[in-house]
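Engineer: take this sequence and fold it.
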Amino acid sequence: MTTTANTTIAAKTPPASAPARFQFPDPPQRELDEAMTNYEYLHGVGSGLHLSRHFGNRNTTLVSADLWVAPAPRSGTRGLRRPDLLIAFDVNPAACKETRGYLISEQGKPPDFVLEVASESTAHVDVEQKPRDYAVLGIPEYWRFDATGEFHGTRLAGDRLVGDNYEPIPIAELPDGSLQGYSAVLNLYLRAEQGGLGWYDPETGQHIPTFDDRQAALLQAEARADSAEARIRELEAENRRLRSG
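Structural biologist: As a prediction, the model looks like this:
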């Protein structure tokens, strides 16, 4: 006797589609003068890369530019800003790449540091509006750099958040005419010098390593290796001469 088993195939319910990942809109086209000054004083001289290497772990440290900063998804455009330079520690940089911006609700904290570079088209916003907006976002330090001082009224300025408001960070004039202020969140001195912006380590008193510094160190290491190799060859030749004698 043959029996046939009845097999019931359960209908598979298609999984619910995951909600679309929130993404910030594409940034608007910058004014030409703004783009040129950002490149000249930050990106063209490699400041972002030098700072990234100085701070180390890129998996948890974000050094970026032109990222939208907002308190939460779809929080509206009021106070929405894209600083010329943004630095945040103990965050998830990969999430910023996915959203094309910095969501404070997702990261669990605001950026630690933002900086704006002066241009004729945006200087009044940097000085008048952005301090209020960055204070509302809870960003601990807001800095401004102006190569000539023509647009911001000074070449270097910094504010530290105390309560709900910013208070000026002391700026000193050095003997060579440079202006310098200390960033507590970065543990670096910012210096307006020779028409540019420098980043100085208070422990060494030296600028953080740059492309030129790394290239010079590499050439020195190669020179030492060549010298050591030449010395080894001399010793080997001397040893052979003594043996043959």
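
Engineer: check contacts around the closest residue to Leu137 other than its chain neighbours.
Structural biologist: With C-beta to C-beta, 6 or more residues apart in numbering as the measure, Pro110 is the residue that lies nearest to Leu137, at 5.2 Å, once sequence neighbours are left out. Using the backbone N, CA and C atoms, a C-beta is placed for each residue, glycine as well. Pro110 sits next to Val69, Ala88, Ile104, Leu137, Gly138, Ile139, Pro140 when contact means C-beta atoms under 8 Å, 6 or more residues apart in numbering.

Engineer: what does Glu116 give?
Structural biologist: Pro83, Asp84, Leu85, Thr122, Asp126, Lys130, Tyr142, Trp143, Arg144, Phe145 are the contacts of Glu116 under C-beta under 8 Å, 6+ apart.

Engineer: just the buried members of the contacts of Pro110?
Structural biologist: Neighbour counting over these (16 or more other C-beta atoms under 10 Å) leaves Val69, Ala88, Ile104, Leu137, Ile139, Pro140 as the buried ones.

Engineer: quick check, the first one in a strand?
Structural biologist: Yep, that's Val69 we're talking about. Yes - residue state for Val69 (DSSP: H, G, I helix; E, B strand; the rest coil) corresponds to a strand.

Engineer: what's the spacing between it and Ser244?
Structural biologist: Between Val69 and Ser244 the distance is 75 Å, computed by C-beta to C-beta, to the nearest Å.

Engineer: try the fifth one
Structural biologist: Ile139 sits 75 Å away from Ser244, going by C-beta to C-beta.

Engineer: repeat for the fourth one
Structural biologist: For Leu137, the distance to Ser244 (C-beta to C-beta) stands at 79 Å.

Engineer: Tyr200: neighbouring residues, count only.
Structural biologist: Using other C-beta atoms under 10 Å as the criterion, Tyr200 is surrounded by 17 other residues.

Engineer: then the one 10 residues further on?
Structural biologist: The criterion is other C-beta under 10 Å. On that basis, Thr210 has 17 neighbouring residues.

Engineer: that one contacts His50, correct?
Structural biologist: Yes - counting by C-beta atoms under 8 Å, His50 is a contact partner of Thr210 at 5.5 Å.

Engineer: if we can go back for a sec, nearest to Thr60 among the buried ones among the contacts of Pro110?
Structural biologist: For the buried ones among the contacts of Pro110, the residue nearest Thr60 by C-beta to C-beta is Ala88; the value is 9.2 Å.

Engineer: looking at it, the closest one is touching Pro111, isn't it?
Structural biologist: Yes - assessed by C-beta under 8 Å, Ala88 is found in contact with Pro111 at 4.2 Å.

Engineer: need the residues touching each of these two.
Structural biologist: Applying C-beta under 8 Å, 6+ apart, one finds that Ala88 and Pro111 are jointly contacted by Leu62, Tyr102.

Engineer: ok, the most centrally placed residue in the chain to Glu120 distance?
Structural biologist: Using C-alpha atoms, centre = their mean, the residue of the chain that lies closest to the mean C-alpha position is Val63, 2.1 Å off. In this structure, Val63 and Glu120 are 26 Å apart, going by C-beta to C-beta.

Engineer: and what of Glu40?
Structural biologist: As judged by C-beta to C-beta, Glu40 and Glu120 stand 14 Å apart.

Engineer: shared neighbours, these two?
Structural biologist: Contact with both Glu40 and Glu120 is made by no residue, according to C-beta under 8 Å, 6+ apart.
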